[in-house]
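K.L.:
Okay, sequence plus prediction incoming.
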Amino acid sequence: MSGIERLSKLVGPHDPSGLLAVVLAIPDHLRDALWRIESARLGSLEAPAAMVCGMGGSAIGGSLAAAALGDRLTKPLLTVRGYELPPWSPAGSAVLCSSYSGDTEETLACYSAAEALGAKRLVATTGGELAAAARRDGVPVIGLPAGMPPRAAVAYMFCAAAELAALAGAAVRINTEVDAAAAHLQARSETLADRALELADAVGDAVPVIYGADLTEPVAYRWKTQVNENGKLPAYASSLPEATHNEIAGWEGAQGRLACVLLEDSDQHPRERRRSQATGELIAPHASEVIRVEAEGETRTARILELVMLGDLLSLALAARHGIDPSPIEAIDALKERLGRPA
Ligand code: PA5
């Protein structure tokens, strides 16, 4: 049986909404995102800084794009998760307001804050209040396909953020790299499905603590949030080298309840790599498992997107192992309900 068949057999009975198929379609999402961005015929947003405003599944694309661009960034590309832009935001910044539903109050607040700043705005959404406001204000919109959980639109949000960087003159346009990454992910999907099953076995019932560094730092956070939302399970993310100056000491009290997952990159700083390896060795006696995962791919874009897809698949496998439907996120819905609409 192929990797995808085995993963489908595990996930299928718990996945009535078909989220697994949506994750496996990430390569198509990347190509479709490029097409939608091109069709939006966006003009230059030349600016001193670029900001992606969003929450949760609609914010991660900004962090991932900044990591994929790495030292090709010549100006700041910041992800803002909250109600306000940083007080130091340069006037005339390029601001992407990214909300899958278009109704996220923090993102709507940033949309207004960006106007007050005199920012050059761009919107990525399926609709909601954000689309209505953009239409009213003549702000360009990258239209996203409706019908998926916001976090499953990660490829679209990644491409929108990378495009913002290009439009702001903060980085080169990486469309060719994204297109090649889509082919790479397609070719690797069986392997990734196999690997996700292995990883789910290795994590088992432990709480994963996922470490990333540089390119893999936002991926570690993505893995954590996907395990939280899809698996309805606790998971934590942390970053190296910082964690080797504090968190590593806490593992002495872990008593085998936590699994350590180290996300590595073939092109990372040699000392970061050494630190990651040494961290795994030192943590091993206290962890249920130490799992090292290395991204493969020619470009930073291919490697980061491969790890994103692998983490998404892992979260579905973990959900299935616990008999959980990955799609509903009742806790998040309940919180939004409890808070009500802002005054
Ligand atoms: O995955 C999710 O559903 C959440 O993390 C949402 O992305 C988050 O609540 C923000 O909503 P939206 O993406 O619609 O702006």
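P.N.:
Perfect, thanks for sending it. Numbering: from 1, shown residues only.
K.L.:
Only alpha carbons, please: show the helix or strand L335 falls within as PDB.
P.N.:
Per DSSP states H and E, L335 falls inside helix 330-339. Output of helix 330-339 as PDB, limited to C-alpha atoms (Å, rounded to 0.1, in the frame of the first residue of the first chain):
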ATOM      1  CA  GLU A 330     -15.200  24.400  18.700                       C
ATOM      2  CA  ALA A 331     -13.000  26.100  21.300                       C
ATOM      3  CA  ILE A 332     -12.000  28.800  18.900                       C
ATOM      4  CA  ASP A 333     -15.600  29.300  17.700                       C
ATOM      5  CA  ALA A 334     -16.800  29.400  21.300                       C
ATOM      6  CA  LEU A 335     -14.300  32.000  22.200                       C
ATOM      7  CA  LYS A 336     -15.300  34.200  19.300                       C
ATOM      8  CA  GLU A 337     -18.900  33.700  20.300                       C
ATOM      9  CA  ARG A 338     -18.200  34.600  23.900                       C
ATOM     10  CA  LEU A 339     -16.400  37.800  23.000                       C
END
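K.L.:
can you give me the offset of that helix from its chain's centre?
P.N.:
In terms of CA atoms, centre = their mean, to the nearest Å, the centre of helix 330-339 is set 22 Å apart from its chain centre.
K.L.:
what's the first-to-last distance across stretch 246-259?
P.N.:
Stretch 246-259 has an end-to-end distance of 18 Å (CA to CA, to the nearest Å).
K.L.:
cool, and stretch 89-103?
P.N.:
Using CA to CA, one end of stretch 89-103 lies 24 Å from the other.
K.L.:
is that stretch anywhere near the ligand?
P.N.:
Yes. With CB under 6 Å from any ligand atom as the criterion, the ligand is reached by stretch 89-103 at S99, Y100, S101. C-betas here are computed from N, CA, C, even on glycine.
K.L.:
Tabulate the residues you listed (TSV), appending neighbour count.
P.N.:
Shown next, in TSV, are the residues of stretch 89-103 next to the ligand (neighbours: other CB atoms under 10 Å):
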residue	neighbour count
S99	32
Y100	30
S101	18
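K.L.:
Closest one to A134 out of those residues, please.
P.N.:
Closest approach to A134 among those (CB to CB): S99, at 10.8 Å.
K.L.:
That closest one reaches A131, doesn't it?
P.N.:
No. The pair S99 / A131 is not scored as a contact, 9.2 Å apart, by CB atoms under 8 Å.
K.L.:
list the residues that contact both of these two?
P.N.:
By the contact definition CB atoms under 8 Å, 6 or more residues apart in numbering, S99 and A131 are jointly contacted by T125.
K.L.:
what's across from G143 in the sheet?
P.N.:
For G143, the beta-bridge partners under DSSP bridges are T125.
K.L.:
count of neighbours near it?
P.N.:
G143 has 16 neighbouring residues, counting by other CB atoms under 10 Å.
K.L.:
any idea how far it lies from D32?
P.N.:
Using CB to CB, to the nearest Å, G143 is found at 11 Å from D32.
K.L.:
pLDDT score for L7?
P.N.:
L7 carries a pLDDT value of 97.
K.L.:
give me every residue that touches the residue in the stretch 151-300 of the chain that the ligand sits nearest to.
P.N.:
Taking CB to the nearest ligand atom as the measure, the point where the stretch 151-300 of the chain comes nearest the ligand is R151, at 3.4 Å. Counting by CB under 8 Å, 6+ apart, R151 makes contact with G56, G57, I60, T225, Q226, E229, N230.
K.L.:
Can you tell me the element the last one falls in?
P.N.:
So the one you mean is N230. Assessed by DSSP H and E, N230 sits inside helix 217-231.
K.L.:
So what's the residue count around the residue in the chain that the ligand sits nearest to?
P.N.:
At 2.1 Å from the ligand, G56 is the closest residue in the chain, using CB to the nearest ligand atom. Neighbour count of G56, defined by other CB under 10 Å: 18.
K.L.:
Repeat that for L335.
P.N.:
Going by other CB under 10 Å, the residues that sit close to L335 add up to 10.
K.L.:
how close does it get to S238?
P.N.:
The gap separating L335 from S238 is 24 Å, by CB to CB.
K.L.:
In which helix or strand does V290 reside?
P.N.:
According to DSSP H and E, V290 maps onto strand 289-295.
K.L.:
Could you list the low-pLDDT ranges of the stretch 51-200 of the chain?
P.N.:
Filtered on pLDDT under 70, the stretch 51-200 of the chain yields no residues whatsoever.
K.L.:
OK, contacts around S101?
P.N.:
Per CB under 8 Å, 6+ apart, neighbours of S101: T125, T126, G127, G128, P150.
K.L.:
if you set the cut-off to 6 Å instead, what comes out?
P.N.:
Counting by CB atoms under 6 Å, 6 or more residues apart in numbering, S101 touches G128.
K.L.:
Repeat that for T104.
P.N.:
Per CB under 6 Å, 6+ apart, neighbours of T104: M55.
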